[in-house]
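J.: After the sequence you'll find the predicted model.
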Amino acid sequence: MTSPIHVTSEIGKLKTVMLHRPGREIENITPDYMERLLFDDIPYLPIAQEEHDFFAQALRDQGIEVLYFEKLAAEALASDDVRKEFLNRMIAESGYVAGATHDALYDYLYQMTPQEMVDKIIEGVRGTDIDIAQPDLQSVSENTDWPFLMDPMPNAYFTRDPQASIGDGISINKMTFPARQRESLITEYIINHHPRFAGQVEVWRDRNHESHIEGGDELVLSDHVLAIGVSQRTTADAIEDIARNLFKDSNYDTVIAISIPHNHAMMHLDTVFTMINHDQFTVHPAILDDKGEVDNWVLHPGKDGEITIEHHTDIKAVLKQALNKPEIDLIPTGNGDPIVAPREQWNDGSNTLAIAPGEVVTYNRNYVSNALLKEHGILVHEVRSSELSRGRGGPRCMSCPIVREDL
Ligand SMILES: NC(=O)NCCC[C@H](N)C(=O)O
């Protein structure tokens with residue numbers, strides 16, 4: 001059987017990718033809700049959409065099939081039974097397991113077409129959108145200053161994070177912050193019910209866990225090596241858990257867990273480190289110490305389903321060994337300049353999307369990093385970035401590869 005998901009590297013020629021076009025959820029961000037919604041500013045939606053369409057077209061121009069998360073979700077919910085089950089679970093995860101508010105939300109969303117329903121759930125439902133005939137205690141006493149009954153999902157355009165394609169399978173992620181946790185419930189329905197995927201995809205780790213993992217931390221370095229960030233968003237026990245599953249059921253035999261600072265600017269490994277060629281990576285100098293090293297742990301299968309863990313600091317040596325390369329070129333964000341590097345990293349200067357070995361898509365605003373990539377022989381496609389970058393994610397964060405050619 002050929003799996004509809006096939007990703008055995010970060011850099012193999014990209015064939016199919018999943019995006020989400022930012023929608024009205026972006027207009028539901030205000031200064032008071034920004035922090036809770038994981039934004040630092042409010043993008044201007046019409047321009048964000050233009051920029052996103054430009055990004056999608058840049059990918060199509062390279063022959064890449066672009067799928068939309070919101071469209072796949074609506075198609076996955078074509079059956080009435082599936083839609084009912086989804087709505088009940090989504091409303092429960094939004095805080096209403098049963099009762100008058102649950103019922104009013106259910107009735108309001110159920111009468112919509114599947115596409116309207118998915119778009120509205122991502123947009124968020126305000127208290128003023130529905131009438132609750134007989135208000136329950138929850139609706140009158142809780143969160144009375146909070147305008148939403150169901151929170152918007154403005155981070156949905158970062159399709160990299162709720163799931164990660166690995167080999168012929170996927171991890172459907174338990175995400176860290178409530179602002180993002182319901183995104184991967186949508187993924188679960190796409191994988192289990194969309195005719196393109198249903199019954200044909202291995203799930204390496206599902207979202208029914210307490211420990212967290214997010215796709216921005218999951219880098220597929222080869223057909224048997226992963227790098228995973230130990231970060232603000234991904235916990236060490238989740239890494240061990242997915243490693244155990246992969247070692248048992250897949251071709252993967254090496255996981256390099258890389259420790260990065262736990263802060264908002266560097267929330268995932270792919271905000272500070274991405275693979276762009278067989279032996280070339282971008283790296284934000286702030287994750288490296290004076291010797292150019294960083295704490296990392298290499299996991300391999302051990303005896304009886306156990307795993308072995310070796311501590312290293314020389315990341316170049318670890319990558320050389322794991323990828324069987326004589327040299328590794330680490331290209332510093334912002335050319336390593338103490339002002340330019342953090343400025344460009346803040347706007348995702350390290351967050352490149354490789355669409356083929358040595359060929360990447362980046363934000364145009366990171367011109368110092370882009371010039372350096374070109375000096376290192378990389379073919380760079382620049383995309384517009386004034387509004388999209390306000391959500392703190394770049395081209396890798398905004399894309400979930402579904403199929404890549406093998407190297
Ligand atoms: N892979 C990524 O680094 N994704 C960017 C996510 C940004 C989003 N505002 C978040 O905080 O989750």
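T.: Thanks, I have it. Please read all numbers here as calculations on a predicted model, not as lab measurements. Numbers count the residues shown, from 1 in each chain.
J.: going forward, measure contacts between C-alpha atoms and count neighbours the same way
T.: Noted.
J.: Identify the residues contacting the residue of the stretch 201-350 of the chain found nearest the ligand.
T.: Of the residues in the stretch 201-350 of the chain, the one nearest the ligand is G216, at a distance of 3.4 Å by CA to the nearest ligand atom. Going by CA atoms under 8 Å, 6 or more residues apart in numbering, G216 touches R160, D161, H268, L269, D270, T271, C397.
J.: could you list every residue that touches the fourth one?
T.: Right, the one you point to is L269. The contact partners of L269, taken as CA under 8 Å, 6+ apart, are G216, D217, E218, I228, G229, V230, S231, I258, I260.
J.: Correct me if wrong, but the residue of the stretch 201-350 of the chain closest to the ligand is in a helix.
T.: Yes: under DSSP: H, G, I helix; E, B strand; the rest coil, G216 sits within a helix.
J.: What residues of stretch 95-115 count as buried?
T.: For stretch 95-115, a neighbour-count test (16 or more other CA atoms under 10 Å) marks Y96, A100, T101, H102, D103, A104, L105, Y106, L109, Y110, P114, Q115 as buried.
J.: Could you list which of these belong to helices?
T.: Of the positions in the buried residues of stretch 95-115, A100, T101, H102, D103, A104, L105, Y106, L109, Y110, P114, Q115 sit in helices, assigned by DSSP state H.
J.: any idea which of those residues is closest to the ligand?
T.: Q115 (23.8 Å).
J.: Could you pull out the buried residues of stretch 173-183?
T.: Using 16+ other CA under 10 Å as the test for burial, stretch 173-183 gives N173, K174, M175, T176, A179, R180, Q181, R182, E183.
J.: Repeat that for stretch 29-45.
T.: For stretch 29-45, the neighbour count (16+ other CA under 10 Å) marks I29, L37, L38, F39, D41, I42, P43, L45 as buried.
J.: what pLDDT does the second one get?
T.: According to the predicted model, the pLDDT of L37 comes to 96.
J.: Just the strands from the stretch 151-300 of the chain, written as ranges.
T.: Secondary structure of the stretch 151-300 of the chain by DSSP state E, counting those that start in this stretch: the strands cover 163-166, 169-172, 202-205, 218-220, 225-230, 254-259, 273-277, 280-283, 296-301.
J.: returning to what we had before: between all of the buried residues of stretch 95-115, which two are separated the most?
T.: For those, the farthest-apart pair by CA to CA is A100 and Q115; their separation is 24.6 Å.
J.: Flag every residue of the stretch 1-150 of the chain that's near the ligand.
T.: Residues of the stretch 1-150 of the chain lying near the ligand by CA under 6 Å from any ligand atom: L38, F39.
J.: host element of the residue of the stretch 1-150 of the chain found nearest the ligand?
T.: Closest approach of the stretch 1-150 of the chain to the ligand (CA to the nearest ligand atom) occurs at L38, with a separation of 4.6 Å. Assigned by DSSP states H and E, L38 falls within no helix or strand.
J.: ok, it touching A179?
T.: Yes: counting by CA atoms under 8 Å, A179 is a contact partner of L38 at 7.3 Å.
J.: Now tell me which helix or strand of the chain has the poorest mean pLDDT.
T.: Least confident helix or strand of the chain, by mean pLDDT, DSSP states H and E, is helix 137-141 with a mean of 78.
J.: In that helix, which of the residues would be classed as buried?
T.: Buried, per 16+ other CA under 10 Å, within helix 137-141: S139.
J.: before we move on, what about stretch 325-344?
T.: I328, L330, I331, P332, T333, G334, N335, G336, V340, A341, P342, E344.
J.: Among these, which lie within helices?
T.: Of these, the ones assigned to helices by DSSP H are V340, A341, P342, E344.
J.: Mind putting the residues you listed into a markdown table with pLDDT and distance to the ligand?
T.: Formatted as a markdown table, these follow (pLDDT from 0 to 100; distance: CA to the nearest ligand atom, whole Å):
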| residue | pLDDT | distance to the ligand |
| --- | --- | --- |
| V340 | 97 | 19 |
| A341 | 96 | 17 |
| P342 | 95 | 15 |
| E344 | 96 | 14 |
